[in-house]
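# what would the 3D arrangement of this be:
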Amino acid sequence: MGRLGGALLCFPLLFSLLIFLSASVALGENSRDALQKAAELVDKGRLEEADQQARLALKDPQTRAVACSVLGTIRFQQKRLEESASLLQEAIRLNPHLLGAHLSLAEVYTLEGKRQRALSLFRRVLTLDPSNTAARLALARAETEKENYRESLALAKPVLPKLKQSPDGLLVLATDFAKLQKTEAAADLAQDWARLDHIPPPQWSIKFALLLADGGAVSEAVEVLERTKLAGPPSYELAFNLAGAYALKKDLARALESYDGALALNSQSLPALRQAADIAERRGELERSLSYWLRAKKLEPEDPEILLGFGRVCLKMDLLEDAETALTKAASLRPQDPQYQYTLAAAKTGKREFEAAEGLLQSLLKTRQNDPQLQYALGAVLYLEGHLKNAAAHLRESVRLQPDQVGSYYYLALVARDQQDEPEAIRTLEQLLQRHPEHASAREALGTLLMSENHYAEAERNLEEAIRLNPKSVKANYQLGLLLARMGKKNEADKQLEIAKSLRKEDEETSHLQLRLLDPNQ
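Below you'll find the model as predicted:
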């Protein structure tokens, strides 16, 4: 973890100096007064006047060490690091027990990139004062950066209450708890963050919240970001990360709202557009998802990930021409990525270009024979081409590789039906519906088969359930109309057939197979 904002670990100079003065009763009164004034002036930021007072104490051998430490601290604040280091080194040479000089010199070394020298000084401080918070925090942070999270916590433990009173300390603890998956401990830190005396900068709060989320304390991460949002002006980074936290919390509506907020502040943010499009798609808001993808595509028309997302949503919306164009381009840009080739195969299937789809899937299977979804997809496409034997072979292989699934069982039942093995088809569909009773297509197919076997009551129950699950199904409505006619219910049959007529489209089985390839559990 990096040092945020260049924060320093030194305690206030006035505090450490007063301790030294109170313990040094033998000092000359004038030197003591000069050092006291120097410390007060440094604390007020009046560095030139503080410099003059410290130089007065420099002449007295009894106060020379402390005077060098004070002057070194002044040079540090003036960003004159080389002079600061020389003065602080002299202070330590004259009095090896000066904690403030050790801490200030360690900070100088840190800024100069002399990491090991700084850490050696912090370790020296702990030998002089095992309870020193600044040194323990610095050493704990160093262990965190090396991914030694348990060692970091061991160093922090003796001063844990004090570390919880500073943003820097809380960030180290949050990192350790998150990486060690101590979710409850990480979550508790959110209360300490809220109790800090001063509101941390927004970028610190964002980093802290992301650490909490990484550790599983997602609700607390959201709370931290919401408080930060209320405390200051809006920012893109805050809105974007708040959206991500809501997405982790599975509050997709709030996530979308926050992504829209981020886009209002940065309308050309591709990460925000992509995430928003993905969440809108997951929520079934396909038109909204498409609008985000269109905006992203306008910014980066050749980006394969954007073309894939755009094409996939077009596919779900039956915008097959747009889908095929985008997915063909995406697949050409990522020829080795199976996701791109597979989604293009789904588009080809939607357009009834079954041979092209089969070719793409066969090519993918050459190096991925153990992929159950590929085996399923090829089996489904072969079924539509009428190659029932080959279709069944791939579907069975898919089931062997992944027994708990939906799509392959469904198409195996259709293969058995088309091979005039109705009992096997009925058995397969009934077994499928025992595990997945909400599968509308299986209900419709089973109802139709039961009707042909003259099991009218069971057929009616399954067809009615299929319509409940998918009211716009042409086939389920039509088959129920036929069933009602067979049962002598003419008026009801006429009404049902009229519904089917109003819903009729091009053969649903083939025009929507592309969706089953995208999601085999449909």
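# was I right about L225 contacting I206?
Yes - counting by Cβ atoms under 8 Å, L225 sits close enough to I206 to count as a contact (7.0 Å). For glycine as for every other residue, the C-beta is placed from the backbone atoms N, C-alpha and C.
# overlap in contacts, the two.
Between them, L225 and I206 share the neighbouring residues L238, N241, with contact defined by Cβ atoms under 8 Å, 6 or more residues apart in numbering.
# more neighbours: these two, which one.
With other Cβ atoms under 10 Å as the criterion, L225 and I206 differ in neighbour count, and L225 comes out ahead with 27 against 22.
# any idea how far that one is from F240?
Summarising the geometry, the distance separating L225 from F240, computed by Cβ to Cβ, to the nearest Å, is 10 Å.
# check E385 too.
For E385, the distance to F240 (Cβ to Cβ) stands at 46 Å.
# compare the two (neighbour count), which wins?
Between E385 and F240, counting by other Cβ under 10 Å, F240 is the more crowded of the two (22 against 13).
# so that one touches P271, yeah?
Yes - counting by Cβ under 8 Å, F240 touches P271, with 7.1 Å between them.
# which residues does L137 contact?
With the criterion set at Cβ under 8 Å, 6+ apart, L137 makes contact with L9, A156, V159, L163, S166, D168, G169, V172.
# ok, the residue lying closest to R117 once chain neighbours are set aside - how many residues close by?
In this structure, R117 finds its nearest non-sequential neighbour in Y109, 4.4 Å apart by Cβ to Cβ, 6 or more residues apart in numbering. For Y109, the number of neighbouring residues by other Cβ under 10 Å comes to 21.
# tell me the helices and strands packed up against the one helix or strand E223 maps to.
In this structure, E223 is located in helix 218-231 according to DSSP states H and E. Packing contacts for helix 218-231, counted by 3 or more Cβ pairs under 8 Å, 6 or more residues apart in numbering; DSSP states H and E, involve helix 183-194, helix 202-214, helix 236-248.
# could you list the buried residues of the first one?
The one in question is helix 183-194. In terms of neighbour count (16 or more other Cβ atoms under 10 Å), helix 183-194 has its buried residues at T183, A185, A186, A187, L189, A190, D192, W193.
# of those residues, closest to L210?
L210 lies nearest to A186 out of those, by Cβ to Cβ, at 11.5 Å.
# would TSV of the helices and strands packed on helix 218-231 with distance to R55 and mean pLDDT be doable?
Written out in TSV, the entries for those read as follows (distance: least, Cβ to Cβ, whole Å; pLDDT from 0 to 100):
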stretch	distance to R55	mean pLDDT
helix 183-194	42	96
helix 202-214	38	96
helix 236-248	46	97
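# quick one: which of those is nearest L105?
Comparing the helices and strands packed on helix 218-231 under Cβ to Cβ, the one sitting nearest is helix 202-214, at 26.0 Å.
# which pLDDT value does the model give M317?
Residue-level confidence at M317 comes out at 90, pLDDT.
# backbone phi and psi for it, please?
The phi and psi values for M317, taken as degrees, to the nearest 10, are phi -90, psi 10.
# contacting residues around the nearest residue to it once chain neighbours are set aside?
Distances taken as Cβ to Cβ, 6+ apart place L286 nearest to M317, at 5.2 Å, with adjacent residues excluded. Applying Cβ under 8 Å, 6+ apart, one finds that L286 lies in contact with A280, V313, K316, M317.
# the second one contacts W293, correct?
Read that as V313. Yes - with contacts counted by Cβ under 8 Å, V313 reaches W293, the gap being 6.0 Å.
# now for the two: what residues contact both?
Common neighbours of V313 and W293 (criterion: Cβ under 8 Å, 6+ apart): A277.
# can you give me how far the helix holding E223 is from the chain middle?
Shown here is helix 218-231, whose average C-alpha point lies 16 Å from the average C-alpha point of the whole chain (Cα atoms, centre = their mean, to the nearest Å).
# stretch 109-122 now?
Relative to the chain's own centre, stretch 109-122 is displaced by 34 Å; criterion: Cα atoms, centre = their mean.
# one more: stretch 40-57?
What separates the centre of stretch 40-57 from the centre of its chain is 50 Å, taken as Cα atoms, centre = their mean.
# in it, what's buried?
Residues of stretch 40-57 classed as buried by neighbour count (16+ other Cβ under 10 Å): E40, L41, V42, A50, D51, Q53, A54, L56, A57.
# and the contacts of the helix or strand encompassing the last one?
Put plainly, it is A57. Per DSSP H and E: A57 is located in helix 47-58. Judged by Cβ under 8 Å, 6+ apart, the contacts made with helix 47-58 from elsewhere in the structure are 30-31, 34-35, 37-39, 41-42, 63-64, 66-68, 70-71, 74, 77-78.
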